[in-house]
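Peer 1: heads up, no residue letters with this:
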């Protein structure tokens, strides 16, 4: 369920339909919305490797949204703050996040950011493929796999860190 904070509801201009949720999402104009979008874009650039304003612009163009790298940079820095709904959805698609992430309340955004942080850790550790394969295993197989990893860690003399 998409949560919409009270400031969005009370300051709404007009509802739009959320692509993934089918629920109405109310957008506010002005600085509050622009700052939220800017903050979320900055977080995406910091968390998801390999993205530049040029790349995002090119990826949007392939989706039929001709947007200049300068415009993306202005959204990211907060200079521009009123992108179209299609541009917002396109940016979310380019980064692989839910279409509501850029405008969602902080709790909803936190859930997405936590998932992005976990993915970054998995990529950094080089275990993304193993984690994705293991995700489809049943509870017994996951337990066995965990035991094997722990056995190998002990054999290699790797101490537990952060409870792992």
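Peer 2: Arrived safely, thanks for sending. What you are looking at is a predicted structure, and each value in this text was computed from that prediction instead of being measured.
Peer 1: Give me the residue at the spatial middle of this structure.
Peer 2: residue 97 (4.0 Å; CA atoms, centre = their mean).
Peer 1: Leaving out chain neighbours, which residue sits closest to it?
Peer 2: residue 112 (5.5 Å; CB to CB, 6 or more residues apart in numbering). C-beta: built from backbone N, CA, C; applies to glycine.
Peer 1: wait, what's in contact with that neighbour?
Peer 2: 97-98, 101, 104 (CB atoms under 8 Å, 6 or more residues apart in numbering).
Peer 1: Now tabulate the residues you listed in TSV and tack on distance to residue 67 and pLDDT.
Peer 2: Output for the contacts of residue 112, formatted as TSV (distance: CB to CB, whole Å; pLDDT from 0 to 100):
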residue	distance to residue 67	pLDDT
97	17	88
98	20	86
101	18	85
104	21	77
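Peer 1: Reformat those as a markdown table; add secondary structure.
Peer 2: A markdown table is the format used below for the contacts of residue 112 (DSSP: H, G, I helix; E, B strand; the rest coil):
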| residue | secondary structure |
| --- | --- |
| 97 | coil |
| 98 | coil |
| 101 | coil |
| 104 | coil |
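Peer 1: Give the buried residues for the top helix by length along the chain.
Peer 2: When every helix of the chain is counted residue by residue (DSSP state H), the longest turns out to be helix 106-125. Neighbour counts using 16 or more other CB atoms under 10 Å place 108-109, 112-113, 116 of helix 106-125 among the buried residues.
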